[in-house]
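[1] Sequence and predicted structure are below.
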Amino acid sequence: MVIEQRFTPSQHGHSAGTARRARPSWGYLSRSVSRYGVVSSELVIYSPDVSERDRRWAEASRSYGAVAAGVALLAWIGFAAAGISPLVAILVIAAVAVLVGLLLARRTRAVRRGAARVSACGSALLAYGPDHDAQRRLDALAETMQHASASYRAGELDPEGFERVWRATYAHAAP
């Protein structure tokens, strides 16, 4: 089971006159839990120096697999309804999926390489040891970014303040 959390919505109430800002695409937090209690977490923080447009492409690239599978299924149904040979249909679908995947991978290579990555893996049952320390570090960095993102979206943090927090967190997460 994989639980993925990109951003935490603000928990603050907003008056009707308060405009919410768009979500900043600083990165993501991904967690998975095995049935034996092993928790694997990965925090990816994109470089603040990368353009918003390139970070959005990276986000699109991350969700490409699921989207491609859904579109491929719909295309398969469409080809079958049109009476096109299954072999031709699968070749066309595979060619388009691979081509788009390669283009997205190439387009987002610099963003992915420049991202700071922190990962931790350990037992959810043990509350001590080096695995637990790595998980606490990851959680602290993730909490910092999620809180800054929520504060920014709520209008409590200006863009410069958000970028300062982002830069500091990126520097702490970088190897």
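    That came through fine. Numbering: from 1, shown residues only.
[2] Per-residue pLDDT of the residue positioned nearest the centre of the chain, please?
    Nearest residue to the geometric centre of the chain (CA atoms, centre = their mean): residue 28, 3.7 Å. Residue 28 carries a pLDDT value of 92.
[3] so which helix or strand takes in it?
    strand 27-33 (DSSP states H and E).
[4] What residues of the next helix or strand after that strand count as buried?
    Moving toward the C-terminus from strand 27-33, the next helix or strand (DSSP H and E) is strand 38-45. For strand 38-45, the neighbour count (16 or more other CB atoms under 10 Å) marks 39, 41-45 as buried. Just so you know, the C-beta spots here come from the backbone N, C-alpha and C atoms, and that holds for glycine as well.
[5] from those, which single one is nearest residue 158?
    Distance to residue 158 across those (CB to CB) is lowest for residue 45, with 19.9 Å.
[6] Show me what the closest one bridges to in the sheet.
    residue 27, residue 116 (DSSP bridges).
[7] Confirm for me that the residue nearest to the centre of the chain is in contact with residue 61.
    No - if you go by CB atoms under 8 Å, residue 28 and residue 61 don't touch, sitting 11.8 Å apart.
[8] For this structure, give me the ranges with low pLDDT.
    For the chain, residues meeting the criterion pLDDT under 70 lie at 1-20, 124-130, 175.
[9] Give me the distance from the strand holding residue 28 to the chain's centre.
    Taking CA atoms, centre = their mean, to the nearest Å, one finds the center of strand 27-33 at 8 Å from the center of the full chain.
[10] And residue 173, how close does it get to residue 45?
    Per CB to CB, to the nearest Å, residue 173 is found 5 Å from residue 45.
[11] Now the common contact residues for those two.
    Each of 116-118, 141 lies in contact with both residue 173 and residue 45 under the rule CB atoms under 8 Å, 6 or more residues apart in numbering.
[12] Could you list the buried residues of the strand holding residue 28?
    Neighbour-count burial for strand 27-33, counted by 16+ other CB under 10 Å, picks out 27-31.
[13] mind listing the strands for this protein?
    Secondary structure of the chain (DSSP state E): strands located at 2-5, 27-33, 38-45, 116-123.
[14] ok and the strand holding residue 28 relative to strand 38-45, angle-wise?
    Angle between the axes of strand 27-33 and strand 38-45 is 170 degrees (criterion: axes from the mean of the first three to the mean of the last three CA atoms, to 10 degrees).
[15] could you redo the buried residues of strand 38-45 as CSV and give each row distance to residue 80?
    As requested, the buried residues of strand 38-45 are arranged in CSV below (distance: CB to CB, whole Å):
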residue, distance to residue 80
39, 42
41, 41
42, 38
43, 42
44, 38
45, 44
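[16] Great, nothing more from me.
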